[in-house]
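Undergrad: Predicted model and sequence follow; I will ask about them next.
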Amino acid sequence: MIAALAVLLQISAAAPVSGAPPSHITVRTASSTGAAPIVRTGTGAYVGASSLTRALGGSVTPAQSGRFAVTIRGSTVSFVEGVPFARVDSVILPMSGAPYSAGGAVYLPLHFVTELLPRIATGLFYDVAMSEMRVFNTVVQTRAPPPPAEERTAPVTTTALEVPPSTPRPRRTTQRKVVIDAGHGGPDNGMTGPMGSGPRIYEKHITLQVSRLVAEMLRGEGIQVVMTRTRDTLIALSDRGRIANRNRADLFISVHVNAAPTTWRNAAQVGRGFETYFLAEAKTEEARRVEAMENESVKFETGANAPKGDPLSFIINDMAQNEHLRESMDLAESIQSGLLRIHPGPNRGVKQANFAVLRTSFMPAVLVEIGFGTNPEEAAFMSDRAKQRLIARAIADGALEYLDHYEQRIGGSR
């Protein structure tokens, strides 16, 4: 970080701002400097994909039938020549122009490079005044570093009547509504565990039991609560967000149980802890793994419940979701802090991923992984009714604390 700041100071002192259109983008890291020429045509400004990826250390797939992709800092973006949209996984992003090819090379709109790429790839910042892309080494955001698992102690055993709200609440002046989403259900069991010995658990049962308790506790604090499901039934991923939108909810909280992949060495013991996600492109391989696991529920959806996925819907959804990203991150941090107070496992932090269940929720929305059901100790912890009340209280308190802070900031109205 110190080296990166030093580079920034050197840049600020050395490079004057010019009113002329830049002829190239400077790509600067803490140890090297490169450049990608800007090509200006009658339809706008473009950057050669090869020169850009060469400067940033990425790659370009050869164009086939007008389709190609670039991979930069772990993120792959797909393009079609003549089509002014970029695709990242299932998300479609509009661009100011369409990519084109000439002389065996492909060119990307400057708008994509300067405005979209820093949002998609990790560790990029574009300085408009300096026409410069700066590359940083980043880490996944967490409120607190995860303590070693062996240094955590199990929470004190308690009963249902011994789990009051953690702090006295100020008098709420605005009626709030929270949607609680119990993950999976019906034919979709979610994960099953634990690995090795121990009573069998199903994710869909744990999430429903904890979600019911969260709903009960929030109602006890005067919050209106809507549950996406109250019994063992399947709700389409795309419908869960729609339920929240239709009810004009203030918050959307989806409850899930994590699972370690069998490819991990000593997976049953290594996979431990709790984490909270908000919507964005997954920044790490682990976030992409959890995202893929939870999004698998779509395979149980058929007919009218299946998502439509047309490009216009993706664009509109993306614009609406961007309004709530900052609030979603605050909500995620609040819930993660609540779980930190009671959970015996390591704090895996607040993370970002493109969960299908969050994409259609147009309000602050998070997905909470309350523990690893593949770990025998955490499976037993999440199955215990008293411990479930602890988990639920942590989630409810996190939501209430977020709402308290939110209302203090905006004066009680929304």
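TA: Thanks, I have the structure now.
Undergrad: CA atoms for contacts and neighbours, from now on please.
TA: OK.
Undergrad: Need the nearest residue in space to residue 29, chain neighbours excluded.
TA: Leaving out its chain neighbours, the residue that sits closest to residue 29 by Cα to Cα, 6 or more residues apart in numbering is residue 135, at 5.0 Å.
Undergrad: Run through the bridge partners of the one you found.
TA: In this entry, residue 135 is beta-bridged to residue 124, by DSSP bridges.
Undergrad: show me what contacts it?
TA: 27, 28, 29, 30, 123, 124, 125 (Cα atoms under 8 Å, 6 or more residues apart in numbering).
Undergrad: Just give the nearest non-adjacent residue to the last one, would you?
TA: Read that as residue 125. Nearest residue to residue 125 in three dimensions, chain neighbours excluded: residue 134, at 5.2 Å (Cα to Cα, 6+ apart).
Undergrad: burial measure for the one you found, as a count.
TA: Neighbour count for residue 134, taken as other Cα atoms under 10 Å: 21.
Undergrad: Quick check: it vs residue 34, distance?
TA: Counting by Cα to Cα, to the nearest Å, the gap from residue 134 to residue 34 is 10 Å.
Undergrad: shared neighbours of the two, anything?
TA: Shared contacts of residue 134 and residue 34, counting by Cα under 8 Å, 6+ apart, come down to 27, 28.
Undergrad: Would you mark the buried spots in the one helix or strand residue 47 maps to?
TA: If you go by DSSP states H and E, residue 47 is part of strand 44-48. Going by neighbour count (16 or more other Cα atoms under 10 Å), the buried part of strand 44-48 is 45, 46, 47, 48.
Undergrad: other SSEs contacting that strand?
TA: Here strand 44-48 touches strand 33-41, strand 105-109, helix 110-111, going by 3 or more Cα pairs under 8 Å, 6 or more residues apart in numbering; DSSP states H and E.
Undergrad: As TSV, these with mean pLDDT and mean neighbour count would be great.
TA: Shown next, in TSV, are those (pLDDT from 0 to 100; neighbours: other Cα atoms under 10 Å):
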stretch	mean pLDDT	mean neighbour count
strand 33-41	90	16
strand 105-109	92	21
helix 110-111	89	20
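Undergrad: Just put those in TSV and tack on distance to residue 401.
TA: Shown next, in TSV, are the helices and strands packed on strand 44-48 (distance: least, Cα to Cα, whole Å):
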stretch	distance to residue 401
strand 33-41	45
strand 105-109	43
helix 110-111	39
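Undergrad: Which one, of these, ends up nearest to residue 359?
TA: Smallest distance to residue 359 across those (Cα to Cα): 23.9 Å, for helix 110-111.
Undergrad: what's the distance between the closest one and the middle of its chain?
TA: In this view, helix 110-111 has its centroid 25 Å away from the chain centroid, taken as Cα atoms, centre = their mean, to the nearest Å.
Undergrad: Identify each buried residue in the helix or strand that contains residue 218, please.
TA: Secondary structure from DSSP H and E places residue 218 in helix 203-220. Of all the residues in helix 203-220, those buried under the rule 16+ other Cα under 10 Å are 203-219.
Undergrad: Fine by me, thanks again.
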